[in-house]
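Engineer: Build me a structure from this.
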Amino acid sequence: MKEEKTVKELFSSYSDDILNYSMSLLKDSDDAKDAVQEVFIRFINSQSSFRGDCSYKTWLLVITRNYCYKKLNGKANQPVLIDENFFHTYEPKLEEKITLHDALKKLKHEEFELIYLREYACHSYQEIAEILGISVDNVKVKLFRVREQLRKYLK
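Structural biologist: Now for the predicted structure:
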């Protein structure tokens, strides 16, 4: 079983990750801030059900994902709105940035989420599989397909 941590320690360690992930899904800073609070409330209320077969971070991100999708009312297959801050880690030329931005906007919500979790949030395939509730092989296949789709959009 995992070492137990206090809510304060978990908040200090993971609130920024939860905020960024929420922002990538909800596209609204106020909603994302609300999500952080709601995630920790849900964590506190369900802490006894944590089995320890994944990290606290992964479990908190699963709670985050479930909350955000519920807030979005199951609109996961709609085109995604891209947060302009998504590009702050890579600064391409302006014409490349517009093209990449346009390509990312064409992705469905769940496709963008995969790219976000892997390329922006730098999660491992295993962590992504746990967050999304799918196998590692499925994560790899889906990421391959999304990257291929992005390549086609960028040509």
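Engineer: Below-threshold pLDDT in the chain: ranges please.
Structural biologist: 1-4, 74-98 (pLDDT under 70).
Engineer: could you redo the last one with a cut-off of 90?
Structural biologist: 1-7, 25-27, 46-54, 69, 71-106, 109, 119-121, 152-155 (pLDDT under 90).
Engineer: ok, so what distance separates the spatially most central residue of it from Leu60?
Structural biologist: With distances taken as Cα atoms, centre = their mean, Tyr21 lies nearest the centre of the chain, 4.3 Å away. With distances taken as Cβ to Cβ, to the nearest Å, Tyr21 is found 9 Å from Leu60. All C-beta atoms are positioned from the backbone trio N, CA, C, and that covers glycine.
Engineer: Mind jotting down where the helices sit in this protein?
Structural biologist: 7-26, 29-46, 56-71, 94-105, 109-115, 125-132, 136-154 (DSSP state H).
Engineer: now for the second one, which elements pack on it?
Structural biologist: When contacts are defined as 3 or more Cβ pairs under 8 Å, 6 or more residues apart in numbering; DSSP states H and E, helix 29-46 sits against helix 7-26, helix 56-71.
Engineer: Show me what the longest one is in contact with.
Structural biologist: Where contact means Cβ atoms under 8 Å, 6 or more residues apart in numbering, the residues beyond helix 7-26 that reach it are 5, 29, 31-33, 35-36, 39-40, 43-44, 56-57, 60-61, 64-65, 67-69, 71-72, 83, 85-86, 109, 112-113, 116-117, 120-121.
Engineer: cool, stretch 135-144 as well?
Structural biologist: For stretch 135-144, contacts defined as Cβ under 8 Å, 6+ apart pick out 111, 114-115, 118, 125-126, 128-129, 132, 134.
Engineer: Alpha carbons of that stretch, in CSV - could you do that?
Structural biologist: What follows is stretch 135-144, C-alpha atoms only, in CSV (Å, rounded to 0.1, in the frame of the first residue of the first chain):
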residue,chain,number,x,y,z
SER,A,135,-4.2,-0.3,-21.8
VAL,A,136,-0.7,1.0,-22.4
ASP,A,137,-0.8,-0.6,-25.9
ASN,A,138,-4.0,1.2,-26.6
VAL,A,139,-2.4,4.5,-25.5
LYS,A,140,0.5,3.9,-27.9
VAL,A,141,-1.8,3.0,-30.8
LYS,A,142,-4.0,6.0,-30.2
LEU,A,143,-1.1,8.4,-29.9
PHE,A,144,0.4,7.0,-33.1
